[in-house]
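Chemist: Take a look and give me a structure for this.
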Amino acid sequence: MKWNDIPSWWGPAGRLPFAVAPLRRDGKERRDALLDAALRCFARDGIMATGIEQVRREAGASPSSVYHQFKGLPELVLALLQRTFERLLGAIAARVTAARTARGAVERLVLGHLEWVFAHRDEARFMYQALALELRADTARALTARKAELLGPIAAALGTFVARGELPNWPPLTFDVVLLGQSHESFRRWLGGAPLEPAWMRRAMPRMAWESLGGAQPVAPGRPRRRARPPGAGRRTLPDYAFHATHAAGVASGGLAKRH
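Modeler: Okay, here's the model as predicted:
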């Protein structure tokens, strides 16, 4: 996938290539109440130990109201993942789109991710746990579609700096691996109880993300733009690096590259 592919993938006028039925306000409130109840169950008992009946009892809902909203637990997990990504990527987009420099955009991207996870620990833990599971093909497609929509403003903001030669001309997926790989791994450990200090993470990780780009320098007008290589790429070409880094990240995290 390339930068220009993201908006066009949605369909004409930035619309998703399938119909999404709008929810009435009362229906949305009931749906959110069930999702909130599911999140409490997952935080307390874990995803694998939670059933749809536990969620129903936690929410104080009738069986008919639960199954009116969700066909089963997989559909509920998908809905909660989609809502979580809406909140996470919305918070990140608000920061990144306000950046005026390439370095500012990169550091805001990482810091926005950090701050959201610190402020929403249960949702973040659920997200990483759920994404470690093997999703059904239809569930994975639906999640990918929603994420493509949500990533649009972030991709457009970074793409502006790519077009100016102020960021490396890498595919968006490679940016995800290079800029957020350290954050994802740190969060898994922090959420699991590792003694990582949030103050250090806030101070160091945005800077390290920028430095991982080699401090990408602007290219003077009229000069050909060279693609920066990620640290450790050695003599590999960018396509080789993009494939191996993306594949390694996906294997190490249960498919993060295609999920996150």
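Chemist: alpha carbons only for contacts and neighbour counts from here, please
Modeler: OK.
Chemist: and residue 48, backbone torsions?
Modeler: phi -70, psi -20 (degrees, to the nearest 10).
Chemist: could we number from 4 for the rest of this?
Modeler: Okay, residue one is now 4; in that scheme the one you just asked about reads as residue 51.
Chemist: ok, it to residue 45 distance?
Modeler: According to Cα to Cα, to the nearest Å, residue 51 and residue 45 sit 8 Å apart.
Chemist: Compare the two and say which one has the larger neighbour count.
Modeler: residue 45 (23 against 10; other Cα atoms under 10 Å).
Chemist: Touching, that one and residue 57? I think so.
Modeler: No: using Cα atoms under 8 Å, residue 45 makes no contact with residue 57, being 10.0 Å away.
Chemist: residue ranges for the helices of the stretch 154-263 of the chain, please.
Modeler: Taking DSSP state H, counting those that start in this stretch as the criterion, the stretch 154-263 of the chain carries its helices at 175-194, 201-215, 241-255, 259-262.
Chemist: Next up, the contacts around residue 51.
Modeler: Residues counted as contacts of residue 51 (Cα atoms under 8 Å, 6 or more residues apart in numbering): none.
Chemist: what do you get for residue 129?
Modeler: 42, 45, 46, 50.
Chemist: of those residues, closest to residue 212?
Modeler: Comparing the contacts of residue 129 against residue 212 with Cα to Cα places residue 46 closest, at 29.8 Å.
Chemist: Assign the nearest residue to that closest one once chain neighbours are set aside to helix, strand or coil.
Modeler: Excluding the flanking residues, the one nearest residue 46 by Cα to Cα, 6 or more residues apart in numbering is residue 125, at 5.9 Å. Three-state assignment for residue 125 (DSSP: H, G, I helix; E, B strand; the rest coil): helix.
Chemist: shouldn't residue 125 be in contact with residue 42?
Modeler: Yes: counting by Cα under 8 Å, residue 125 touches residue 42, with 7.2 Å between them.
Chemist: Which one's more surrounded, those two?
Modeler: With neighbours defined as other Cα under 10 Å, residue 125 and residue 42 compare such that residue 42 has more, 21 against 16.
Chemist: which SS class is the more buried one?
Modeler: Three-state call for residue 42 (three-state DSSP): helix.
Chemist: Let me see the contact set for it.
Modeler: 83, 125, 126, 129.
Chemist: Could you count how many residues lie near residue 183?
Modeler: Around residue 183 sit 21 other residues, with neighbours defined as other Cα under 10 Å.
Chemist: And residue 189, by the same measure?
Modeler: Neighbour number of residue 189 under other Cα under 10 Å is 18.
Chemist: May I have the phi/psi pair for the residue nearest to it when sequence neighbours are not counted?
Modeler: In this structure, residue 189 finds its nearest non-sequential neighbour in residue 199, 7.7 Å apart by Cα to Cα, 6+ apart. Residue 199 has phi and psi values of phi -90, psi 130 when expressed as degrees, to the nearest 10.
Chemist: Noted, bye for now.
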